[in-house]
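Colleague: Attaching a predicted model along with its sequence, questions to come.
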Amino acid sequence: MRAIQAAFPKTRLRRTRQNASIRGLVAENTLSAADLIWPVFVRDGEGVREPVASMPGVDRLSVDNVVEAAREAYDLGIPAICLFPYTGADKRTADCAEAWNPDNLSNRATRAIKAAVPDIAIMTDVALDPYSDTGHDGFVVDGEIVNDETVEALIKQALSQAEAGVDIIGPSDMMDGRIGALREALEAAGHKNTLLLSYAAKYASAFYGPFRDAVGASGALKGDKKTYQMNPANSDEALRCVERDLSEGADMVMVKPGMPYLDICRRVKDAFGAPTYAYQVSGEYAMIKAAAQNGWIDGDKAMLESLMCFKRAGCDGILTYFAPEVARSLR
Ligand code: PBG
């Protein structure tokens, strides 16, 4: 599709850029608080707000403070909050049993938010890394991250989250067959309206570094995640992952990380037209924050530009640590 275009000077493309009103009229995309999912880190205790050193402006919050954060987010027009538990070494075991403990941190936070701010959507992560002594998203047997045994555990984890009241379950583990297995288990347990937002095209990325600090996984992780997360060199494979997950019952799909992978976002949106999200991950957030703190870029403008670019690339929404800051800035 091409607009008819006369030769210069009949066409002066600068005419449509001459002032803010005209630019607004021809803007092809918009960014609003309604596009955002806010990832938050939850930890034990009460009244706790503990800064994450590698993510300036991001704190680990105890459950009471997470409830306040959810209230603030909802009042700012942010539709969803995504919970990530920070798990101490004592709760990281080879069997990962804490992952499906009905009273684990994630489930306690879910119930507390549901009671206080019932209308905000709650998203959670399905993967074993917060609970495993190896820092891996699956069970490790003789050095191998085993697929099918892990999927059995993910089912227990997801069911405990659905039971606690989670609206959107986000499998981030990259095991094969987990979307179909989770969908079947959710249906069988009567959780017919629980959404699955698959981390379908998740790459083995260096940009997750600050997140692993935030959830206490950096020290724990042995080796890398390249046998389950994708090779950054690949793009056709991302489409196969997304197609597979949609065919197994995913309601929404995600590309992760975000900004270095905008080409993948566009391909996924064009190929399937499904609700498509990107995760602007911890390392992307840290880079913008660090440069802004040094006075090297205008942090507010870079934040808004980076998020608009996700919309332009075809995303319906973005998981971003900037969410409340963006929402305030857009007011
Ligand atoms: C773990 C998980 C990770 C992130 C979200 N879920 C890290 C990883 O795969 O090692 C990263 C998020 C971020 O960097 O902001 N299943």
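Modeller: Arrived safely. Numbers count the residues shown, from 1 in each chain.
Colleague: what does the stretch 201-331 of the chain have sitting close to the ligand?
Modeller: Proximity of the stretch 201-331 of the chain to the ligand, by Cβ under 6 Å from any ligand atom, involves residues 208, 211-212, 225, 281-282. (Glycine included, C-beta is placed from N, CA and C.)
Colleague: what's the most distant pair in those?
Modeller: K225 and S282 (14.8 Å; Cβ to Cβ).
Colleague: Does G138 touch L128 like I think?
Modeller: Yes. Taking contacts as Cβ atoms under 8 Å, G138 lies within contact range of L128: 5.9 Å.
Colleague: who touches both of the two?
Modeller: 150, 173 (Cβ atoms under 8 Å, 6 or more residues apart in numbering).
Colleague: The residues of the stretch 201-331 of the chain next to the ligand in helices, which ones?
Modeller: Among these, the members found in helices (DSSP state H) are 211-212, 282.
Colleague: Let me have those in CSV, adding pLDDT as columns.
Modeller: CSV is the format used below for these (pLDDT from 0 to 100):
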residue, pLDDT
F211, 93
R212, 87
S282, 98
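Colleague: Tell me the one among the residues of the stretch 201-331 of the chain next to the ligand nearest to P56.
Modeller: Closest to P56, out of all of those and judged by Cβ to Cβ, is S282, at 11.4 Å.
Colleague: Can you get me a residue count around the closest one?
Modeller: Number of residues near S282 (other Cβ atoms under 10 Å) recorded here: 24.
Colleague: That one is in contact with S54, isn't it?
Modeller: Yes. S282 is within contact range of S54, at 7.4 Å (criterion: Cβ under 8 Å).
Colleague: Counting neighbours, which of the residues of the stretch 201-331 of the chain next to the ligand comes out on top?
Modeller: V281 (26 neighbours).
Colleague: list the contacts for that residue?
Modeller: Neighbour list for V281: 205, 207-208, 211, 256-258 [criterion: Cβ under 8 Å, 6+ apart].
Colleague: again, but for F139
Modeller: 94, 96, 128, 132, 145-146, 149-150, 153.
Colleague: Mind checking which of these are in strands?
Modeller: Residues of the contacts of F139 located in strands (DSSP state E): I145.
Colleague: and which of the contacts of F139 is nearest to S21?
Modeller: L128 (52.3 Å).
Colleague: Could you tell me which residues make contact with the nearest residue to the closest one once chain neighbours are set aside?
Modeller: Leaving aside its sequence neighbours, L128 sits nearest to C96 (Cβ to Cβ, 6 or more residues apart in numbering; 4.6 Å). Applying Cβ under 8 Å, 6+ apart, we find C96 in contact with 128, 131-132, 139, 153.
Colleague: returning to that earlier point: for C241, state which of the ones in helices among the residues of the stretch 201-331 of the chain next to the ligand is nearest.
Modeller: F211 (20.7 Å).
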